[in-house]
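**Q** The sequence and its predicted three-dimensional model are supplied below.
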Amino acid sequence: MSLAWLDVVVFLAYFVGIIWLGFRVGAKYRTTSEEYFLAGRSLPWYAVGASFIGSNISTEHFIGMIGFAYVQGICVANWEWLNIWAFSILIWVFIPFLLATRVFTAPEFLERRYNGTCRLLFAVFTVLANVLAFLAAVLYAGALGLDAIFDIQGWLHRSVGISAQAAPFAALALGVVILGVSAGSYSIFGGLRAVAWTDVVQVAVMVVGGVLVTVLGLCSLGGGDPAAGWRAMIAANQGHDLAGLPSSGYAAAIAQQAKEIVPGAAHYDRLSLIQPLGHTKVPWPTIFLIWLSVSVWYNCINQFMIQRVLAAKDCWHARMGIVFSGFMKILLPFIIVIPGLIMFAMDPRLPDPDKTYPILVQRLIPIGLKGLLMAALFGAIQSTVDSVLNSTSTIITLDIYGRFIRRRPASEAKASEADERRMVRIGQLMTGAVLLFAMLLAPFIGLLKQGVFVYIQNLFAHFAPPFSALFIVGLLWKRANAKAAVAAIPAGLALSVLIDLVISRWVPALAPFLTRATVVWFFCVALMVVVSLLTERPPAEKVTGETTLNWRKLNILGDLGTPWYRNVAIWWGLFVVGILACYAVFSGAW
């Protein structure tokens with residue numbers, strides 16, 4: 001892809017503007033741990049919601065997910081719409097509970113409920129997940145995008161004199177440095193406050209840019225009429241060769257894809273969210289079970305996401321922020337899934353599906369707006385990078401350095417001003433160190449020879465089940481003890497790897513990573529129950545109202561908001577209705 005000078009100006013102006021905004025909003029409030037790591041617990045609902053979504057959306061969506069939808073169809077939207085379960089649990093259970101405990105991090109809660117070993121293990125694996133599954137992969141995919149847009153390797157070869165053989169890797173490394181430094185600079189300087197408010201702007205740009213691609217794509221299919229374009233897209237994805245469609249052979253292309261997507265099936269419905277049990281990625285049981293493992297871990301206890309909730313002004317702002325994120329989740333498939341269906345209608349034989357988004361931008365977007373669309377793509381990258389950096393430094397500083405290296409007791413009284421400043425400096429140093437490590441690792445992600453989206457989701461399915469089980473069982477069952485929790489973590493991770501590398505070859509039904517995650521979650525729950533019953537009860541201080549759910553004391557129906565149009569329950573209900581309507585439309589029954 002090539003950009004006109006106006007597109008380059010728009011693109012660069014966006015980069016510079018975001019960095020300036022990050023430094024501006026983060027300049028004043030960096031003196032205490034609470035200010036630096038939790039923005040002084042001052043974020044309003046729209047900042048909580050926008051940052052929650054901005055942290056979630058990255059190149060894996062604009063590049064990987066759109067390309068995945070080109071091949072798999074609408075079922076990829078399950079990754080967004082299935083959040084109805086986890087979001088509802090977060091709104092009604094986790095938010096009032098976690099805000100009442102006043103914890104800084106999710107690992108801190110595990111120490112209160114179980115012991116310091118659980119806190120350390122969760123902290124270490126959270127850092128590993130953040131660096132391997134988020135930072136390195138996102139920087140890698142973003143650097144590929146920069147090279148595709150600006151032909152960095154061609155410039156390095158022609159102008160700098162780097163050989164043609166070395167130029168691709170050099171271009172990748174340079175792109176990683178550009179992205180890492182641009183997002184890392186204000187994250188290191190301003191902490192969560194800088195991250196959250198830049199996310200608000202970046203999400204707005206992402207939504208505008210994404211909607212523009214979808215609308216113009218439908219207009220292109222429909223000869224200027226988006227409604228006609230929608231009908232044409234549906235027809236093509238059903239395998240119908242109709243007059244007026246830009247290509248043909250849709251049925252043959254679907255039949256060819258079906259051989260890999262649902263082995264042995266005679267037909268594949270690209271427009272159904274509910275897929276058969278033999279589907280290699282989204283078999284139908286995952287719709288009802290995946291929230292137990294990956295969704296709860298990712299949305300409710302993953303520091304990368306939950307840190308925005310902990311930073312909210314109060315319970316109402318935290319809840320309404322997640323409700324806002326829920327409405328964004330309804331919209332997102334129309335931005336990051338439907339374009340894949342549009343591209344299939346334009347050309348069902350695309351050799352590289354991961355190039356779907358750049359091709360659509362090149363074909364559909366006029367000069368000037370291409371720069372905005374690329375800004376939307378790289379805004380998604382920056383919002384993820386800055387969020388992961390901040391949450392990772394929080395974990396390292398508070399849960400590893402502050403608790404185990406400096407050996408500050410969990411019950412220690414409020415720190416001195418000098419100690420607070422030291423913790424902020426450590427946090428800044430840790431952010432820089434994590435960024436440097438991820439930048440060194442990122443160029444080598446391509447050696448794994450798999451798509452970024454699949455790479456990230458597969459790692460999630462390894463990390464999530466044990467820790468999701470620890471939280472859910474620990475909250476709901478007072479008999480669960482530390483020995484059971486410590487046993488479940490390594491056992492769950494080991495079983496997940498064993499299924500992935502060995503057992504799935506003998507039992508193909510366990511091959512989908514979402515199915516594997518569900519099986520491992522049930523195993524961890526069963527192991528925790530058995531070990532807890534065979535060992536002593538947990539101490540009384542580990543099963544108080546701050547560590548286990550007390551339904552009579554939990555303020556579930558408090559802070560809902562008045563008057564009626566600010567009521568969290570009403571807006572949550574509308575969010576649920578919206579998700580259910582999407583499943584009704586794309587259930588495959590029509």
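**A** Looks like it arrived, so ask away. Residues are numbered from 1 along each chain as shown.
**Q** For residue 39, give me the pLDDT.
**A** Listed pLDDT for residue 39 reads 83.
**Q** can you tell me which residues contact the residue nearest to it when sequence neighbours are not counted?
**A** Among residues not flanking residue 39 along the chain, residue 193 sits closest, at 4.0 Å (Cβ to Cβ, 6 or more residues apart in numbering). Every C-beta, even on glycine, is put in place using the N, C-alpha and C of the backbone. Neighbouring residues of residue 193 by Cβ atoms under 8 Å, 6 or more residues apart in numbering: 25, 26, 29, 35, 39, 40, 42.
**Q** Surely the first one touches residue 197?
**A** Yes. Taking Cβ atoms under 8 Å as the definition, residue 25 is a contact partner of residue 197 at 4.6 Å.
**Q** Those two - which one has more neighbours?
**A** residue 197 (22 against 19; other Cβ atoms under 10 Å).
**Q** and the gap between that one and residue 61?
**A** As judged by Cβ to Cβ, to the nearest Å, residue 197 and residue 61 stand 22 Å apart.
**Q** what's the neighbour count on residue 179?
**A** 26.
**Q** Report pLDDT for it.
**A** 83.
**Q** And for the one 10 residues further on?
**A** The model reports residue 189 with a pLDDT of 80.
**Q** Can you pull out the low-pLDDT segments for the stretch 451-590 of the chain?
**A** Across the stretch 451-590 of the chain, residues meeting the criterion (pLDDT under 70) sit at 451-453, 553-555, 588-590.
**Q** element containing residue 208?
**A** helix 167-221 (DSSP states H and E).
**Q** coming back round to it: any idea how far the residue nearest to residue 39 lies from residue 21?
**A** Relative to residue 21, and taking Cβ to Cβ, residue 193 is found at 11 Å.
**Q** Ok, residue 216 next?
**A** In terms of Cβ to Cβ, residue 216 sits 28 Å off from residue 21.
**Q** Looking at those two, which is more packed in?
**A** Comparing residue 216 with residue 21 by other Cβ under 10 Å, the one with more neighbours is residue 216, at 22 against 18.
**Q** give me every residue that touches the residue lying closest to the more buried one once chain neighbours are set aside.
**A** Nearest non-adjacent residue to residue 216, counting by Cβ to Cβ, 6+ apart: residue 364, 4.3 Å away. Taking Cβ under 8 Å, 6+ apart, we find residue 364 in contact with 213, 216, 217, 220.
**Q** now residue 364: how far from residue 356?
**A** According to Cβ to Cβ, residue 364 stands 12 Å off from residue 356.
**Q** Out of the contacts of residue 364, which is nearest to residue 466?
**A** Closest approach to residue 466 among the contacts of residue 364 (Cβ to Cβ): residue 213, at 38.6 Å.
**Q** For burial, what's the neighbour tally of residue 164?
**A** By the measure other Cβ under 10 Å, the count of residues near residue 164 is 10.
**Q** From what I see, residue 79 and residue 72 are in contact.
**A** No. Residue 79 sits out of contact with residue 72 when judged by Cβ under 8 Å, with a separation of 10.7 Å.
**Q** before we move on, back to that, ok, the contacts of residue 364 vs residue 472, which is closest?
**A** Proximity of the contacts of residue 364 to residue 472 (Cβ to Cβ) peaks at residue 213, which lies at 38.4 Å.
**Q** What count of nearby residues applies to that closest one?
**A** The tally of other residues near residue 213 (other Cβ under 10 Å) stands at 24.
**Q** Is it in contact with residue 369, as I believe?
**A** No. Counting by Cβ under 8 Å, residue 213 does not reach residue 369; the two are 9.8 Å apart.
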